[in-house]
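Asker: predicted structure and sequence below. I'll ask about it afterward.
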Amino acid sequence: MQKIEHLGIAVKSLEVSNPIFASLLGVAPYKAESVASEGVTTSFFQIGESKIELLEATNPDSPIAKFIEKKGEGIHHIAFAVTDILAEMKRLQAEGFVLLNETPKRGADNKIVCFLHPKSTNGVLVELCQEAPADNQ
Ligand SMILES: CC[C@H](C(=O)O)C(=O)SCCNC(=O)CCNC(=O)[C@H](O)C(C)(C)COP(=O)(O)OP(=O)(O)OC[C@H]1O[C@@H](n2cnc3c(N)ncnc32)[C@H](O)[C@@H]1OP(=O)(O)O
Ligand SMILES: [Co+2]
């Protein structure tokens, strides 16, 4: 793991939450991006080396919709930057962590990602992020 890449926060409405976080952080979001495969629209804030990712569900089956239904708005996941996601997935699987996807999948912000099941990480949803290879952008 290189560093914390972003903290994912589940929100009901980006329209409502973007101004709240812009005021809190003193910076405007630098990107809004939908990832249909995840049923989310994301909004990214850069603060120094770190990022905050706000996530709004785009359909009721979205993991974000289910999370908010169950737990309300709040911290949803922590994402770590990795240099070699395949090697990291292999290492973590060998260490007994539960991968939620067999192969890396498209994330937001030009990343390929893999998630670990919270049951294997003390209840924290973990996301691995690698910069997407040039031909995958
Ligand atoms: C990829 C775009 C973007 C990016 O950064 O690039 C994103 O970050 S997209 C983020 C949205 N996508 C995901 O979260 C994909 C991975 N998530 C999943 O596969 C599911 O949400 C899963 C497996 C974590 C939960 O699935 P589901 O909601 O169908 O099951 P349950 O509600 O029954 O939950 C099972 C169990 O896990 C606990 N849970 C659920 N979500 C979280 C969470 N975010 N953090 C911690 N724990 C979570 C839930 O409470 C259940 O526990 P239990 O003790 O059985 O109540
Ligand atoms: Co994320």
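Answerer: Yep, that arrived. Numbering: from 1, shown residues only. Ligands and ions are numbered 1, 2, ... in the order given.
Asker: buried ones in whichever strand or helix holds residue 69, by neighbour count?
Answerer: Here residue 69, judged by DSSP states H and E, is contained in helix 63-71. If you call a residue buried by 16 or more other CB atoms under 10 Å, then helix 63-71 has these buried ones: 63-65, 67-68. From N, CA and C alone the C-beta is placed, and that goes for glycine too.
Asker: what's the answer for stretch 112-121, then?
Answerer: When burial is assessed from 16+ other CB under 10 Å, stretch 112-121 yields the following buried residues: 112-116, 120.
Asker: any residue of the helix holding residue 69 touching ligand 2?
Answerer: No. Contact of helix 63-71 with ligand 2 (CB under 5 Å from the ion) is absent, the minimum separation being 10.3 Å.
Asker: what helices or strands is that helix leaning on?
Answerer: For helix 63-71, the elements it packs on are strand 3-10, strand 50-57, judged by 3 or more CB pairs under 8 Å, 6 or more residues apart in numbering; DSSP states H and E.
Asker: contacting residues around whichever helix or strand comes after it?
Answerer: Later in the chain than helix 63-71, the nearest helix or strand by DSSP H and E is strand 74-81. For strand 74-81, contacts defined as CB atoms under 8 Å, 6 or more residues apart in numbering pick out 1-10, 53, 55, 64, 67, 113, 115, 124-130.
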